[in-house]
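[1] sequence below, structure please.
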Amino acid sequence: MTLLINNIERVRLLHGVKRIRCVEETIAARYSEGKMRCPTHLCTGQEAVAVGVCATLRNTDFAVSTHRSHGHYLAKGGDLSRMLAEIYGKSTGCSSGHGGSMHLIDESVGFMGSTSIVGGTIPVGTGLGLSVSLKGTDQVSCVFLGDGSTEEGVFYESLNFAVIKQLPVLYICENNLYSVYSPIQVRQPANRKIYELARSLGVPSETGDGNDVLDVYAKTSRAVASIRSGGGPVLLEFSTYRWREHCGPNFDNDIGYRSEQEYLDWKQKDPVEVFEAKLCGDEVLSKEALSEMERSIVAEVNDAFAFAENSPFPSPDQLGKYLYKEDEGASL
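    Presented below is the predicted three-dimensional model:
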């Protein structure tokens with residue numbers, strides 16, 4: 001089935017990937033100021049997966065994510081100013097300054113949280129799928145995970161449970177080839193494909209180009225339609241590549257776990273520049289419209305950073321808040 005997508009939607013997808021790129025690269029540029037209060041795992045180079053997937057989801061659908069969650073949070077509709085305030089450790093942050101970059105949440109748009117624990121949100125997203133099934137709605141629970149998460153036992157347990165219960169869960173594996181500094185070939189058997197592994201567990205699966213936002217959008221649209229119609233869980237594996245270091249704002253091609261040439265080869269597939277060139281070449285977007293898009297994104301990002309910097313830190317009496325679920329009327 002060929003998925004038709006109009007030009008308005010194409011421009012919206014371009015705006016999405018360019019916005020995430022601008023946010024991540026601005027974080028990288030400003031991180032050395034010492035005002036961001038936590039480690040950051042940037043998703044520069046992986047923007048197409050977040051945008052292509054979330055463009056198929058509704059606000060009422062759920063999504064959970066990993067330590068590299070900025071793009072997923074923003075693409076799902078999370079508040080940019082509150083995300084940056086969280087990274088700055090401010091009380092106006094989306095987790096009230098208690099969580100930092102790896103622990104983002106915005107329930108108003110169905111973004112139910114991210115975590116620093118590898119594989120930690122896979123069972124959470126599966127459980128959210130169970131809640132949907134029990135309520136009988138047509139919501140979808142989307143679980144973003146990395147290739148390293150498929151080495152955790154909870155991945156198999158969750159997929160097995162989702163198949164048995166035919167849960168409305170969409171598993172999105174972003175395969176960027178590395179778990180911290182370990183390439184996939186030293187962690188997983190040669191010639192084993194993650195999407196085929198999921199299929200062997202009974203989960204319908206497919207692979208795609210994670211640097212092509214239209215390919216991501218098309219494959220995810222079909223998967224979401226199947227899930228909403230009662231078809232049970234689906235796993236999609238998208239190949240992609242992070243440009244910057246595992247954790248932090250720098251490039252780390254000089255430390256030996258990957259080569260500069262490998263990085264340059266992947267950079268030629270830049271999901272933002274390639275898609276931008278396509279839309280301009282197809283005359284979907286004029287140079288003037290593109291310039292205006294870029295100006296508006298930069299202005300939004302600058303305003304969000306100003307909001308984060310000017311927001312207050314949490315007061316000391318809030319230090320122990322949110323550690324435990326409070327009884328009604330009780331206080332910590």
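[2] give me the distance between the closest residue to Asn253 other than its chain neighbours and Ser32.
    Nearest residue to Asn253, sequence neighbours excluded (C-beta to C-beta, 6 or more residues apart in numbering): Glu260, at 4.5 Å. For every residue, glycine as well, the C-beta is placed using N, CA and C. As defined by C-beta to C-beta, to the nearest Å, Glu260 lies at a distance of 22 Å from Ser32.
[3] same deal with Tyr217?
    Distance, Tyr217 to Ser32, using C-beta to C-beta: 35 Å.
[4] cool, and Leu235?
    Counting by C-beta to C-beta, the gap from Leu235 to Ser32 is 38 Å.
[5] these two: which is more packed in?
    Leu235 (27 against 10; other C-beta atoms under 10 Å).
[6] partner residues bridging that one?
    Tyr171, Ser205 (DSSP bridges).
[7] same thing with Asp209?
    Bridge pairing for Asp209 - DSSP bridges - gives Ser239.
[8] contacting residues for it?
    By C-beta atoms under 8 Å, 6 or more residues apart in numbering, the contact set of Asp209 is 215-216, 238-239.
[9] before we move on, the earlier item: so the residue nearest to Asn253 makes contact with Trp243?
    No. Using C-beta atoms under 8 Å, Glu260 is not in contact with Trp243, being 11.8 Å away.
[10] quick one, which of these two is more surrounded?
    Using other C-beta under 10 Å, the more surrounded residue of Glu260 and Trp243 is Trp243, with 20 against 10.
[11] which residues does that one contact?
    Residues in contact with Trp243 (C-beta under 8 Å, 6+ apart) are 44-45, 251, 263, 266-267.
[12] out of the residues you listed, who's nearest Ala299?
    Closest approach between these and Ala299, by C-beta to C-beta: Thr44, at 20.4 Å.
[13] buried residues, the helix or strand hosting Ile20. List them.
    Element membership for Ile20 (DSSP states H and E) is helix 7-30. Residues of helix 7-30 classed as buried by neighbour count (16 or more other C-beta atoms under 10 Å): 10-11, 13-28.
[14] show me the helices in the stretch 201-332 of the chain, by range?
    Using DSSP state H, counting those that start in this stretch, the helices found in the stretch 201-332 of the chain span residues 213-228, 260-267, 271-281, 287-310.
[15] what is the burial count for Glu237?
    24.
[16] centroid residue for this structure?
    Using C-alpha atoms, centre = their mean, the residue of the chain that lies closest to the mean C-alpha position is His72, 2.7 Å off.
[17] show me what contacts that one?
    Residues in contact with His72 (C-beta under 8 Å, 6+ apart) are 50, 54, 63, 65-66, 111, 114, 144.
[18] greatest separation within the residues you listed: which pair is it?
    Greatest spacing in those, by C-beta to C-beta: Cys54 and Thr66 (14.6 Å).
[19] more neighbours: which of the two?
    Taking other C-beta under 10 Å, Cys54 and Thr66 do not tie; Cys54 has more neighbours (29 against 25).
[20] doesn't Tyr73 make contact with that one?
    No. Look at Cys54 against Tyr73 with C-beta under 8 Å: they stay out of range, at 9.5 Å.
[21] residues contacting the closest residue to Arg82 other than its chain neighbours?
    The shortest distance from Arg82 to any non-neighbouring residue, by C-beta to C-beta, 6+ apart, is to Cys94 (4.1 Å). For Cys94, the contact set (C-beta under 8 Å, 6+ apart) comprises 73, 78-79, 82-83, 85-86, 104-106.
[22] by neighbour count, which of those wins?
    Among these, the one with the most neighbours (other C-beta under 10 Å) is Glu86, at 32 neighbours.
[23] now do the closest residue to Asp303 other than its chain neighbours: how many residues are near it, please.
    Closest residue to Asp303 apart from its sequence neighbours, by C-beta to C-beta, 6+ apart: Ser81 at 7.4 Å. Ser81 sits with 19 neighbouring residues when counted by other C-beta under 10 Å.
[24] looks to me like Ser81 is in a helix.
    Yes. Ser81 sits within a helix when classified using DSSP: H, G, I helix; E, B strand; the rest coil.
[25] quick one, phi psi at the residue nearest to Arg82?
    phi -70, psi -20 (degrees, to the nearest 10).
[26] quick one: neighbours of Ala289, just the number.
    Residues contacting Ala289 under the criterion other C-beta under 10 Å number 13.
[27] my bad, Lys267
    12.
[28] for it, give me the pLDDT.
    pLDDT for Lys267: 96.
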